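[1] Predicted structure and sequence below. I'll ask about it afterward.
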Amino acid sequence: MTLFPNGTILGYPRIGPDRELKRALEANWRGRIDDAEFARRTSELRLADLQRLVELGLSPDDASLPLETAHYDHVLDATLTFGAVPPRLRDAVTHGLAWEWLLARGDVDRAPLEMTKWFDTNYHYLVPELDAETTFSLADTRIVDRFIEARAAGFHTRPAVVGPATYLALAKAEGVRTTELADRLVPLYRELAERLAAAGATWLQLDEPALVADLEGFTPVELQGIARSGARAVREGGLKVLLAAGYGESSGRVEALASDVDAIAFDLVRGGLPAVTDTPLVAGVVHGRNVWRTDLDKALETLRASGSDVSVGTTTPLLHVPHTLEPESDLGDELRSWLAFADEKVAEVVTLADALRTGTTSPAFDEARAALGSRAAAEGVRDGSVRERVASLQADARTRLPYDQRAQLQRQKTPLPALPTTTIGSFPQTGDIRLARAAHAKGESSDEQYREALQAEVRRVIDLQSDLELDVLVHGEPERNDMVQYFAENFNGFSVTKRGWVQSYGSRATRPSILWGDVSRPKPFTVEWISYAQSLTEKPVKGMLTGPVTILAWSFVRDDQPLADTADQVALALADEIADLEAAGTSIIQVDEPALRELLPLRASDRAAYLDWSVGSFRLATGQAAPETQIHTHLCYSEFNTIIDAIDGLDADVTSIEAARSKMEVVEAIAAHGYSRGIGPGVYDIHSPRVPSTDEVSELIGIAAANIPEQLLWINPDCGLKTRGYEETSESLRSLVDATRLARG
C-alpha cells in the first residue's frame, strides 16, 4: 500500500484574493504589461498561494500541496500541454501567450473555442476541438515548469492535469468519436510524467470527474478504460497517481480502477464510500463548493468509518469558493461563524487530519458545534409567514392560459414585426457607472446624485437602441452590479460579500450571495427603472428579472432544507415583483434562467426529480402573470437535446438561448422537438471581443430560419452585454439589425 499525505485539498482558488490574476490578464490583453511582466506576476501569485497553504497547515514536503493552476482555464491548459490544435487553426502560430489568447478569446478573423459549463458548476471551460486528423504532442511544458518553479521556492507539490477520459468526453470532434483518439492522447501522459519525474515530482493528480457523470454518447465502461490507460501511462512514467473523481457519486465508477492507481479522491458529501479495500482513499468530507462550516464531529465519524488507510480531503478543488473570510466584517459575527471559505476549509482539513491521526479533538470542534447551534436557532432562518404561504399554494398557481390563446392576446397588446430584434438585458457596465456606484457606497455622493447618474445611463441605452432600430428594448441594468446579487440585496434571507470573488472564466469573477434564511421580498425594486426607461420610448421595454433556479445556482444556498423548498420561496418573491411590473404597465417581462442546465444532476436517475421542481419554481414565479403579458426567459449553455422537454415545460412565451459560438447546434433539436413557442437562438457571441460581420450574422439567421418557423423566430445576442465595451456592442448590434433586415427582405 502507498502512503498518501494525511490531509490535502484538490485545488485552490487561482484568481487571487484581490483578483490579482484578473488584473494581470486584462493588463496583458490591453498591452499595458508585456509577456515577461505577466509571467512575473502570475509566478508571484502561484508561489504566494502555496505559501498560504503551508501557513494554514499543509506540509510543503509530502505532495499534499496541489499544483492546480491556469492562466485562463485548466481544460485549455490541457489543450495547450498536449498540442491539441483546433483543425480550423492549424495555420496559426501555436506557441506563446498569443496562441493561448487566440484559443481563449479569438481575434478579428477567428472565433475562440466554444465555452460551456464544467459539469454542474458555474465555472466555464473552453471546449477542445478535434477531428480525425488530430495528433497530440507535448507541445507546452507549463505543468513541468510550474512544478520546477515551486520546488525552487521550497514547495514539493502535486501537479494536477485533466485526465484523458474527462478531456476526451468534454471535447468535440468532426468525423470521429473523441474517444477513438485515446490511443494517440494517452502516451502523452507518460511523457508528461517522465518529465515531471525527472524534475523531482512524486505524484500526479489526474482529474477525472467524467467518471461520476452520465454523459451522453459515452458509457461508464468506456471512460473507465481510458482513465485506466491514462493512469497506467503515468505510473509507467515514474509517478504515483491520485485519481480525483469528485463532484458527485463515485461508487460503482472508480472501484474498477483501484489497482491501476495509488490513491483515489472522492466526494463523500454528495456520494457514498466506494467499495475499495487495498487502495488509499482521500475522503472528501469538506465541501469544496459551498461555504457552510463543516460539521467536524460528523465528518470525523465518517472518516473513522471509512477504513484504516484514509486521508482527509475536499470534495472538489476549492476554485468554486472565495479565498477567505478575513475581509468580510460586514457579514456580522454570527453569520461569519457559520461560514468557511477556501482558507477556512483548508484549516478544517488540517484539523480533521490531526484528529484522525492523534485520536483527540481540538477546540475547533467546540467552535463548530457552537456555530451549528447558532445557525439553527437564528432569527430569519425560519420565517413562519413565508412557510405558510408556500404550504398554502393552490394547484393552479403554476398554470397560465394555453399558449395559443395567450399569443393572440399578446399580439394585440404589443404588435411586433417579423423576426423581432432584442437584446438579453444588460448593456456595458462603464467605468463611470462603477465609479458612481463606488462613490455612492462610500457616502461620497447622495442618493439623488447616484439616481441621476443611473438615469443618464438608462437614457444612453434607450437612445442607442432607438438609433439602432431594435424592436424590444431593455433599460441596460446600470443599477445592477450582478444579476443575482442585485436580487439578493433586495430580498430577505440573503447576505452579500465585499470580496467573495469566485472565478467564472478567464478574468471574469462573480461574488455569489449567501442565501442563509427564508426568502421574501419586502418591496418593489425593479419597477422604478423599467418605468423610467419606458417613459423614454414608445417601443416596449422588457422588465428584467433573474429566475429562481439561477438565483440558487449562482448563490451559496442553505443546505438545511431541500433546494425545491428554497426555490419556491424565491419564486413567490419574484411573482410579487412581476405583479407590480404589470401594474406599472410593463407588457413584456423576462425571467432569466441561464443556469437551468447547469444544475442538472450528473446521474441520469436524479434528473427527473430536479427538472420537476426547477420547472415548477419557474412556473410558480410566472404562473399568475396576465395572459396579455409576454413572458420571456433566457438560457445559457443549454444543450436542448438534453433538457428540451424541461424547457418546453417552462411554458415561456419566448425563450432566448446561447447558440452563436456553437454555430446554431441547438436549432436541429428545436426543430426535431417541434417546439411551438417563440425562440431566439443567439446570433452574436458576446463572450469574445470580436465584432461579427453582417454576413456572419446572416449565416446564423439563415440556419435558424431553415429550422424554426418565421413567426416563432426572434433575433438576439447569446447573452447580456455587461462585459463588453460600447464601441464593439454598437457595431455588433448594427450587424445584427442589418442582417435581420436582409432576412426580412
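    It's in.
[2] pLDDT below threshold where in the stretch 1-150 of the chain?
    1-3 (pLDDT under 70).
[3] And the helices in it, which stretches?
    Applying DSSP state H, counting those that start in this stretch to the stretch 1-150 of the chain gives helices spanning 20-29, 35-55, 74-81, 96-105, 142-152.
[4] Kindly report the same for the stretch 551-700 of the chain.
    Assigned by DSSP H, counting those that start in this stretch, the helices in the stretch 551-700 of the chain fall at 563-583, 607-622, 640-649, 666-673, 694-705.
[5] Tell me which helix or strand in this structure has the weakest average pLDDT.
    Within the chain, no helix or strand scores below helix 640-649, which has a mean of 82 by mean pLDDT, DSSP states H and E.
[6] Show me how this structure divides into domains.
    With domains defined by automatic domain parsing, the chain comprises 20-377, 407-490+525-744.
[7] Dump those domains into JSON lines; add distance to residue 496 as well.
    (Glycine included, C-beta is placed from N, CA and C.) Listed next are the domains of the chain as JSON lines, based on distance: least, C-beta to C-beta, whole Å:
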{"stretch": "domain 20-377", "distance to residue 496": "8"}
{"stretch": "domain 407-490+525-744", "distance to residue 496": "5"}
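[8] For residue 385, find the nearest of these.
    domain 407-490+525-744 (11.0 Å; C-beta to C-beta).
[9] Between the two ends of the closest one, how far is it?
    One end of domain 407-490+525-744 to the other measures 21 Å (C-alpha to C-alpha, to the nearest Å).
[10] ok so, going back, can you say which of the domains of the chain is nearest to residue 499?
    Closest to residue 499 of the domains of the chain is domain 20-377 (C-beta to C-beta; 4.8 Å).
[11] about what we covered before: now the weakest link among the helices of the stretch 551-700 of the chain, please, by mean pLDDT.
    Per-stretch mean pLDDT for those is lowest at helix 640-649 (a mean of 82).
[12] Give me the buried positions along that helix.
    Buried residues in helix 640-649, counted by 16 or more other C-beta atoms under 10 Å: 640, 643-644, 646-649.
[13] Can you check the pLDDT for residue 637?
    Looking at residue 637, its pLDDT stands at 59.
[14] Which strand or helix spans residue 731?
    Secondary structure assignment for residue 731, by DSSP states H and E: helix 726-744.
[15] How about the contacts made by the residue most central in space within the chain?
    For the chain, the residue sitting closest to the mean C-alpha position, by C-alpha atoms, centre = their mean, is residue 122 at 1.3 Å. Listed by C-beta atoms under 8 Å, 6 or more residues apart in numbering, the contact partners of residue 122 are 320, 502, 504, 510, 512, 553-554, 595, 598.
[16] neighbouring contacts of the least confident helix or strand of the chain?
    Residues from elsewhere that reach helix 640-649 (C-beta under 8 Å, 6+ apart): 216, 596-597, 600, 611, 614-615, 619, 635, 638, 655, 657, 666, 669-670, 673, 675, 677.
[17] Which among those count as buried?
    Neighbour-count burial (16+ other C-beta under 10 Å) applied to the contacts of helix 640-649 gives 596-597, 600, 611, 614-615, 619, 635, 638, 655, 657, 666, 669-670, 675, 677.
[18] Which parts of the stretch 51-200 of the chain are strands?
    Assigned by DSSP state E, counting those that start in this stretch, the stretch 51-200 of the chain shows strands spanning 65-67, 115-117, 124-126, 129-131, 157-162, 172-174.
[19] would CSV of those with mean neighbour count and distance to residue 183 be doable?
    Shown next, in CSV, are those (neighbours: other C-beta atoms under 10 Å; distance: least, C-beta to C-beta, whole Å):
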stretch, mean neighbour count, distance to residue 183
strand 65-67, 26, 28
strand 115-117, 22, 26
strand 124-126, 22, 24
strand 129-131, 21, 13
strand 157-162, 25, 18
strand 172-174, 15, 14
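[20] Figure out which of the ones you listed is closest to residue 205.
    Per C-beta to C-beta, nearest to residue 205 of those: strand 157-162, 3.8 Å.
[21] Alpha carbons of the top strand by length along the chain, as CSV, please.
    What stands out as the longest strand in the chain, according to DSSP state E, is strand 513-520. Provided in CSV are the C-alpha atoms of strand 513-520 (Å, rounded to 0.1, in the frame of the first residue of the first chain):
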residue,chain,number,x,y,z
SER,A,513,-24.5,35.9,-2.5
ILE,A,514,-25.2,33.8,0.6
LEU,A,515,-28.7,32.5,1.0
TRP,A,516,-29.0,31.7,4.7
GLY,A,517,-32.7,32.2,5.6
ASP,A,518,-36.3,32.1,4.4
VAL,A,519,-36.8,34.3,1.3
SER,A,520,-39.3,37.1,0.8
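[22] helices or strands next to that strand in the packing?
    Under the contact criterion of 3 or more C-beta pairs under 8 Å, 6 or more residues apart in numbering; DSSP states H and E, strand 513-520 touches helix 384-391, helix 485-488, strand 492-495, strand 555-557, helix 563-583.
[23] Other residues contacting the helix or strand that it is followed by?
    Using DSSP H and E, the next helix or strand after strand 513-520 towards the C-terminus is helix 527-534. Helix 527-534 has contacts (C-beta under 8 Å, 6+ apart) with 454-455, 458, 461-462, 473-476, 479, 540-544, 577, 580-581, 584-586.
[24] try 10 Å
    Residues outside helix 527-534 that contact it (C-beta atoms under 10 Å, 6 or more residues apart in numbering): 451, 454-455, 458-459, 461-462, 465, 473-480, 540-545, 577, 580-589.
[25] buried subset of the residues you listed?
    451, 454-455, 458, 461-462, 465, 473-480, 540-545, 577, 580-582, 586-589.
[26] Which of those residues fall in strands?
    Applying DSSP E to these, the entries found in strands are 543-545, 588-589.
[27] Would you mind giving these as CSV with pLDDT and distance to residue 155 added?
    Output for those, formatted as CSV (pLDDT from 0 to 100; distance: C-beta to C-beta, whole Å):
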residue, pLDDT, distance to residue 155
543, 98, 52
544, 97, 47
545, 98, 47
588, 98, 56
589, 98, 53
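[28] Listing request: residues of the stretch 251-400 of the chain with sub-threshold pLDDT.
    For the stretch 251-400 of the chain, applying pLDDT under 70 flags no range at all.
[29] Name the residues of stretch 12-25 that come out as buried.
    12-17, 19-25.
[30] Pipe these into CSV and attach distance to residue 222 per row.
    Output for the buried residues of stretch 12-25, formatted as CSV (distance: C-beta to C-beta, whole Å):
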residue, distance to residue 222
12, 32
13, 33
14, 31
15, 34
16, 38
17, 41
19, 40
20, 41
21, 36
22, 38
23, 42
24, 40
25, 36
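[31] Now for residue 535: which residues touch it?
    Residues in contact with residue 535 (C-beta under 10 Å, 6+ apart) are 458, 462, 541.
[32] Between these, which sits nearest residue 89?
    residue 462 (39.8 Å).
[33] Look up how far residue 378 lies from that closest one.
    To residue 378, residue 462 is 44 Å away according to C-beta to C-beta, to the nearest Å.
[34] and what of residue 356?
    According to C-beta to C-beta, residue 356 and residue 378 sit 31 Å apart.
[35] In terms of neighbours, single out the busier of these two.
    The neighbour comparison of residue 356 against residue 378 (other C-beta atoms under 10 Å) goes to residue 356, with 19 against 14.
[36] ranges for the helices of the stretch 301-450 of the chain?
    In chain order, the stretch 301-450 of the chain shows helices spanning 333-337, 342-358, 363-377, 384-391, 403-413, 431-441, 447-468, with DSSP H, counting those that start in this stretch as the criterion.
[37] Dump those into TSV; add distance to residue 300 as well.
    Shown next, in TSV, are those (distance: least, C-beta to C-beta, whole Å):
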stretch	distance to residue 300
helix 333-337	20
helix 342-358	6
helix 363-377	8
helix 384-391	33
helix 403-413	54
helix 431-441	42
helix 447-468	50
